[in-house]
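Participant: what's the 3D shape of this:
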Amino acid sequence: MGNAMARTTRPSLRSRKRATFPRTNSSLFQPINYRRTEGMNFYIWRDRVVGSLLGLADTAYQRSAWTGTIDSSDRSPDEMLVTLLDDWAFASFLVDNREQFNDSQAQRVELLLRAIFHYQKTESDYDGNVERVLTSNAWRDVVIKARNLYIALCPDDVNI
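Facilitator: Residues are numbered from 1 along each chain as shown. Below is the predicted model:
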């Protein structure tokens, strides 16, 4: 579920180009590494995005991954967000495949992105305190919004 390449710093939101999500007036950030996913099969890309959403929606997984109880490349909240936003080029995925999403899904995407950007704005850097992050209102909002989007994209999955 994560990317094997480790990142040492969190990418700056200011360094990204803006794109507009087609069904809403919200603005998304166009990831820098768009070429890496350009032309990727929709279903492969979707599975990778959904896998990242599932990790964001599961606090038990997060606690295990962040404390090292399980072997995972999602070693921190920042790594999880970088995987979704940059490695899987979430904004590009949404823009390139806009016809695949209904209005409800598009609205949930917007809510998740707002929650992520709010978390990134209010929680400056992960300091290794797992419980502080898991109990923060900003992170709980990310978890809830990721879960809601996951359910909207995968309504038949009752495991969440």
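Participant: how about the helices in the chain?
Facilitator: For the chain, the helices defined by DSSP state H cover 42-56, 59-67, 77-82, 90-96, 103-122, 130-135, 137-153.
Participant: could I get those in a markdown table, plus columns for mean neighbour count and mean pLDDT?
Facilitator: C-beta coordinates here come from the backbone N, C-alpha and C atoms, glycine included. Listed next are the helices of the chain as a markdown table, based on neighbours: other CB atoms under 10 Å; pLDDT from 0 to 100:
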| stretch | mean neighbour count | mean pLDDT |
| --- | --- | --- |
| helix 42-56 | 18 | 86 |
| helix 59-67 | 17 | 93 |
| helix 77-82 | 22 | 89 |
| helix 90-96 | 21 | 78 |
| helix 103-122 | 17 | 90 |
| helix 130-135 | 15 | 91 |
| helix 137-153 | 19 | 94 |
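Participant: ok, the residue of the chain positioned farthest from its centre - contacts?
Facilitator: In the chain, the greatest distance from the average C-alpha position (CA atoms, centre = their mean) is reached by Thr69, at 21.9 Å. Residues near Thr69 by CB atoms under 8 Å, 6 or more residues apart in numbering: Arg63.
Participant: any idea how far Asn102 is from it?
Facilitator: According to CB to CB, to the nearest Å, Thr69 and Asn102 sit 37 Å apart.
Participant: which residues sit against stretch 45-64?
Facilitator: Outside stretch 45-64, the residues that reach it (CB under 8 Å, 6+ apart) are 1-2, 37, 65, 69-70, 72, 74, 77, 80-81, 83-84, 88, 90, 93, 97, 100, 130, 134, 142-143, 146-147, 149-150, 153-154, 160.
Participant: nope, stretch 147-160 is what I meant
Facilitator: By CB under 8 Å, 6+ apart, stretch 147-160 touches Arg46, Val50, Leu53, Leu54, Ala57, Asp58, Ser104, Gln105, Arg108, Val109, Leu111, Leu112.
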